[in-house]
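**Q** Dropping a prediction and its sequence here:
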Amino acid sequence: MLRSLLALRQIAQRTISTASRRQFENKVSEKQKLFQEDNGIPVHLKGGIADALLYRATMILTVGGTAYGMYLLAVASFPKKQG
C-alpha cells in the first residue's frame, strides 16, 4: 500500500515538474506608461471599456442598494395599521 502511494507521488511530481511552462511577455512597463499618462482620464477608467463597465455596474449597484435600503427603512418606520 505504501509503495503504491510513493510510486503515485513520484509520478505526480515528475508529470508536474517536467510539464512545459508557458512563457508570458512582461507587460508591466506598458501598463505603467498607460496609467501614468496625463490625458485627463481618471486612473480607475484608464484600463478601457472593461473598467468603464465595472465602474458603471458598481455605481448602479451602490445607488440602487442605497435607495432600496432607504425604502426599507421608511417602510419599517411606518408600521401598518391593524384594522
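**A** Nice, I can see it. Numbering: from 1, shown residues only.
**Q** Spatially central residue in the protein, please.
**A** residue 54 (9.5 Å; C-alpha atoms, centre = their mean).
**Q** which SS state does residue 72 fall under?
**A** Classification of residue 72 using DSSP: H, G, I helix; E, B strand; the rest coil returns helix.
**Q** Next one: it from residue 9, what distance?
**A** 56 Å (C-beta to C-beta, to the nearest Å). Yep, even glycine has a C-beta here, placed from its N, CA and C like the rest.
**Q** Also residue 37?
**A** For residue 37 relative to residue 9 (C-beta to C-beta), the value is 51 Å.
**Q** One more: residue 52?
**A** Applying C-beta to C-beta to residue 52 and residue 9 gives a distance of 49 Å.
**Q** And the helices in this protein, which stretches?
**A** 2-18, 28-36, 49-77 (DSSP state H).
**Q** Would you tell me which of those helices gets closest to residue 42?
**A** helix 49-77 (8.9 Å; C-beta to C-beta).
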